[in-house]
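**Q** Predicted structure and sequence below. I'll ask about it afterward.
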2 protein chains.
Amino acid sequence: MSYTIFEDGHISSPTDFRATGVSCGLKGGGKQRDLALVYSLKPCRVAAMFTSSLTKAAPVFLDQAILSRNRETMRAVLINAGQANAGTGQAGLADAVECAKLVADELEVQRDAVLVMSTGIIGVPLPMHRMRDGIKRAVSELDSGGGRRAAVAILTNDSKPKERVFRVQLREGRRITLAGMAKGTRMIHPRLGTLLCLVTTDLAIEQRLLARALQQSVERSFNRISIDGDQSPNDTVLVMANGAADGPPISDATSWEYGVWQEALDALLADLSQQIVRDAAGSGKIIQVIVRNAANEEAARRIAERVVTSASLRAAIARSEPNWGALLAAVGASGVELRPELLELRIGNISVLQEGTPRPYDEQVLRQLFNNPEIECIIDLHQGPAMITMWTCTWHDD
Amino acid sequence: MSYTIFEDGHISSPTDFRATGVSCGLKGGGKQRDLALVYSLKPCRVAAMFTSSLTKAAPVFLDQAILSRNRETMRAVLINAGQANAGTGQAGLADAVECAKLVADELEVQRDAVLVMSTGIIGVPLPMHRMRDGIKRAVSELDSGGGRRAAVAILTNDSKPKERVFRVQLREGRRITLAGMAKGTRMIHPRLGTLLCLVTTDLAIEQRLLARALQQSVERSFNRISIDGDQSPNDTVLVMANGAADGPPISDATSWEYGVWQEALDALLADLSQQIVRDAAGSGKIIQVIVRNAANEEAARRIAERVVTSASLRAAIARSEPNWGALLAAVGASGVELRPELLELRIGNISVLQEGTPRPYDEQVLRQLFNNPEIECIIDLHQGPAMITMWTCTWHDD
């Protein structure tokens, strides 16, 4: 392994990052931390992926506008929890612009060097008088040890912060730090379902390679989990690389170092996405769906997505009902051309359908499998080489 | 109105239809009726629509094969409840074929004049010894007053039978009867979620016009309801027209009589689909989603489908939470190009978003609306002429 877990690390662990999380009365009774600020002493190359929602929140519009001009010299990101600043119209966009400007002015950096993210209730304006005060305090409290406070401040109805930090060995004597924090949970409280993820690193890397690596890692992590099939107007994954570690920038996607970086970023986002699905499950169950031997990747993905969003499969598993009819129905409803006479279905290590024909099994053993906190559903199409794994969870505790 | 409700009607009310429902030990403790047979003294023109599932059940494969040869002289349909005969492989197909043959032999009609439908548990073989006995008894008990027994026999976890019968006035002195029965419910017990619907009529009509009318009516009824976003391997809607009423066959889609027939069939299937969504709701709530002024029908449909399958909207409504963020998120996630600055959202008669900007409203009044047993969500895109209405319900009683 070319990377190791940095146990006490946090979002400000990479060289020359600072962070904090302050309480300014945005969420709950106003005593919780609810405004996070992450700042780099050096300009960062940045890459981001946003929700594909057509009702994007104001911070998403603003960030996309800023990133169209500046992807090379970013300095800070402000994240508030409590109000999503979505469904807030033109006034909401003005508020987001003002927040970014306030941060830039306080930090004495360029206007287009600050991004913003929001999570919380849709359709409610940001309480700007509180934001103005909170931003001033956040800037004054920035600290290289403040990452934990930031990870707490971005939560809404999450039960715990989600962080992971790796030390990555690029080549002898050259070590970088890669840090991530995220929030996201089930939509039990449907106004607070946003996924936000921020990654910081002191790696030096060209922006186009940063963007390329992020796209692959998101595809293999956040795009493999589904809590309730919904996406929010605010979903954002952002990576900031300030190049403060020694060494020349990575500039070749075929280099050994790029491969190591990609592997570490893949692992980091996979880890954070698993933390999200596990927190979302709460007292519910984790469902791992593996589609094997599909004709192609698109077919594998469509089947897996249909299965992880099946309300009836989730209901069967939540109730520990030892049946696999809902699984078969979901596979069939995927719209993928499959050969039913080759189809194999497995729950854990029990094969329930083989060559399209039911297999005898011990119902008691199957019932025990459905009672486990983690259930593995395997769909083997026996058609080709493609495979995918996705995760979901039962999110009603029933 | 050219049609009136026939209060005591049932599936065997149209001239020359017979029906029954017997108990042969397929479902529950074996004391409930679980095998329905509907028979026409005269050959029927038939049209059918089936699930688009790629893991179709054996009866669906068999019926499609029979209908490819014979759409003009159908005589009977056998419907069992308890086993879906889905996920049963080649043996399941042989069982379906044998059932159709047994019915044909007992009735002394042609082999390809009998269709079959099944609903119940997936992956379990039909208990053929019980079916053989049940089919004999069903044939012997066929009766013009047996429709109610048939409507009961096709149920699984439905709480009540779903029937509707119309008297349709085609022109002075020419009256036909149009009858329908259906089953379908939420997938609380996910093995029993099938939608089955049978329509009988003594109208004389050309087969191609029967098929055309059915397609339109299904599009406007069953395709407008969504209980849990899933479909089963067994879903079937079948219409049988035996022409026993007076008059020449309808042969012109532009005729006044075809229009009356289409209107009555639209109303019949809309009525049955509403009965299904209401039974599925149980103690939950009905959600009516109206998309207005969309650029085109496809856009309207995609938005409505995304909204009625939104887990977070359903959760918000189930909990009577007076928020509309989940509605906005679902509209945005539809993938339809919309103009957010024109978007209007209404809950009942309260406008919560207008021209993309939140409107002030009385939270108490909105909370009362969310407490109602039926909630109307209106999405007005202010973009074009297209409109659609869809229905769903909260199906966890939480």
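**A** In hand now; what should we look at?
**Q** buried set for stretch A:374-384?
**A** Within stretch A:374-384, the residues scored as buried using 16 or more other C-beta atoms under 10 Å in any protein chain shown are A:375-383. C-betas here are computed from N, CA, C, even on glycine.
**Q** Sorry, slip of the keys, the one I care about is stretch A:102-117.
**A** In stretch A:102-117, counting by 16+ other C-beta under 10 Å, buried: A:102-104, A:106-107, A:109, A:112-117.
**Q** Export only the CA atoms of it, formatted as CSV.
**A** The C-alpha trace of stretch A:102-117 is given here as CSV (Å, rounded to 0.1, in the frame of the first residue of the first chain):
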residue,chain,number,x,y,z
LEU,A,102,-17.1,38.9,3.1
VAL,A,103,-14.8,36.0,3.4
ALA,A,104,-12.5,37.3,0.7
ASP,A,105,-12.4,40.8,2.3
GLU,A,106,-11.7,39.4,5.8
LEU,A,107,-8.9,37.1,4.4
GLU,A,108,-7.6,39.8,2.1
VAL,A,109,-7.7,37.5,-0.9
GLN,A,110,-9.3,38.0,-4.3
ARG,A,111,-13.0,37.9,-4.7
ASP,A,112,-12.9,34.9,-7.0
ALA,A,113,-10.7,32.9,-4.6
VAL,A,114,-13.5,31.9,-2.3
LEU,A,115,-16.2,29.2,-2.8
VAL,A,116,-19.3,28.6,-0.7
MET,A,117,-21.4,25.5,0.1
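**Q** State the mean pLDDT of that stretch.
**A** Stretch A:102-117 comes out with an average pLDDT of 97.
**Q** next one: that stretch to chain centre, how far?
**A** Between the centre of stretch A:102-117 and the centre of its host chain there is 24 Å, according to C-alpha atoms, centre = their mean, to the nearest Å.
**Q** do the same with stretch A:12-26
**A** Centroid displacement of stretch A:12-26 relative to its chain, using C-alpha atoms, centre = their mean, is 19 Å.
**Q** End to end on it, go ahead and measure it.
**A** Stretch A:12-26 has its terminal residues 23 Å apart, counting by C-alpha to C-alpha, to the nearest Å.
**Q** immediately after the longest strand seen in chain A, which helix or strand?
**A** Longest strand in chain A, counting residues (DSSP state E): strand A:35-50. Helices and strands here follow DSSP states H and E; after strand A:35-50, the next one along the chain is helix A:58-69.
**Q** Enumerate every residue touching A:Val237.
**A** Counting by C-beta atoms under 8 Å, 6 or more residues apart in numbering or on different chains, A:Val237 touches A:48-49, A:195-197, A:199, A:214, A:218, A:222, A:269.
**Q** A:Gly30: which of the residues you listed is nearest?
**A** Within the contacts of A:Val237, the smallest distance to A:Gly30 is 20.9 Å, found for A:Leu196 (C-beta to C-beta).
**Q** And the closest one, how far from B:Val77?
**A** Per C-beta to C-beta, to the nearest Å, A:Leu196 is found 55 Å from B:Val77.
**Q** which residues does the residue lying closest to A:Ala48 once chain neighbours are set aside contact?
**A** Once flanking residues are discounted, A:Ala48 sits nearest to A:Leu238: 4.5 Å by C-beta to C-beta, 6 or more residues apart in numbering or on different chains. Contact analysis of A:Leu238 by C-beta under 8 Å, 6+ apart lists A:46-48, A:63, A:77, A:115, A:117, A:197-199.
**Q** check which helix or strand covers A:Ala151.
**A** helix A:147-153.
**Q** okay, the next helix or strand after that helix in CSV with CA atoms only?
**A** Later in the chain than helix A:147-153, the nearest helix or strand by DSSP H and E is strand A:162-171. Only the C-alpha atoms of strand A:162-171 are listed here, as CSV (Å, rounded to 0.1, in the frame of the first residue of the first chain):
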residue,chain,number,x,y,z
LYS,A,162,-17.2,11.9,8.6
GLU,A,163,-13.5,12.3,8.2
ARG,A,164,-10.6,10.4,6.7
VAL,A,165,-6.9,11.4,6.2
PHE,A,166,-4.2,9.5,4.4
ARG,A,167,-0.4,9.9,4.3
VAL,A,168,0.6,9.0,0.7
GLN,A,169,4.1,7.9,-0.2
LEU,A,170,4.7,9.2,-3.7
ARG,A,171,8.4,8.2,-4.0
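**Q** doesn't A:Met390 make contact with A:Ser226?
**A** Yes: at 6.7 Å, A:Ser226 and A:Met390 qualify as touching, with contact defined as C-beta atoms under 8 Å.
**Q** joint contacts of these two?
**A** A:305, A:308.
**Q** Distance check, A:Pro14 against A:Gly147.
**A** Distance of A:Pro14 to A:Gly147, given as C-beta to C-beta: 10 Å.
**Q** Please apply the same query to A:Glu172.
**A** As defined by C-beta to C-beta, A:Glu172 lies at a distance of 28 Å from A:Gly147.
**Q** and the longest strand of chain A, what other elements does it pack with?
**A** Applying 3 or more C-beta pairs under 8 Å, 6 or more residues apart in numbering or on different chains; DSSP states H and E, one finds that strand A:35-50 contacts strand A:17-22, helix A:58-69, strand A:74-83, helix A:128-140, helix A:147-153, strand A:196-201, helix A:207-219, strand A:236-241.
**Q** Tell me which of the ones you listed sits nearest to B:Ala299.
**A** Nearest to B:Ala299, of all the helices and strands packed on strand A:35-50, is helix A:58-69, at 21.7 Å by C-beta to C-beta.
**Q** Which other helices and strands does the closest one contact?
**A** strand A:35-50, helix A:89-107, strand A:114-121, strand A:236-241.
**Q** Kindly reformat the buried residues of stretch A:102-117 as TSV containing distance to A:Pro59.
**A** Formatted as TSV, those follow (distance: C-beta to C-beta, whole Å):
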residue	distance to A:Pro59
A:Leu102	14
A:Val103	12
A:Ala104	15
A:Glu106	18
A:Leu107	18
A:Val109	18
A:Asp112	15
A:Ala113	16
A:Val114	11
A:Leu115	8
A:Val116	5
A:Met117	5
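**Q** Can I take it that A:Val291 is in a strand?
**A** Yes: membership of A:Val291 in a strand is supported by DSSP: H, G, I helix; E, B strand; the rest coil.
**Q** Return the residues in contact with it.
**A** The contact partners of A:Val291, by C-beta under 8 Å, 6+ apart, come to A:300-301, A:303-304, A:307, A:379, A:381, A:386-389.
**Q** Out of those, which sit inside helices?
**A** With DSSP state H as the criterion, helices contain A:300-301, A:303-304, A:307 from among these.
**Q** okay, now A:Ser12: neighbour count?
**A** The number of residues packed near A:Ser12 is 28, by other C-beta atoms under 10 Å in any protein chain shown.
**Q** next one: the one 10 residues further on
**A** The tally of other residues near A:Val22 (other C-beta under 10 Å) stands at 22.
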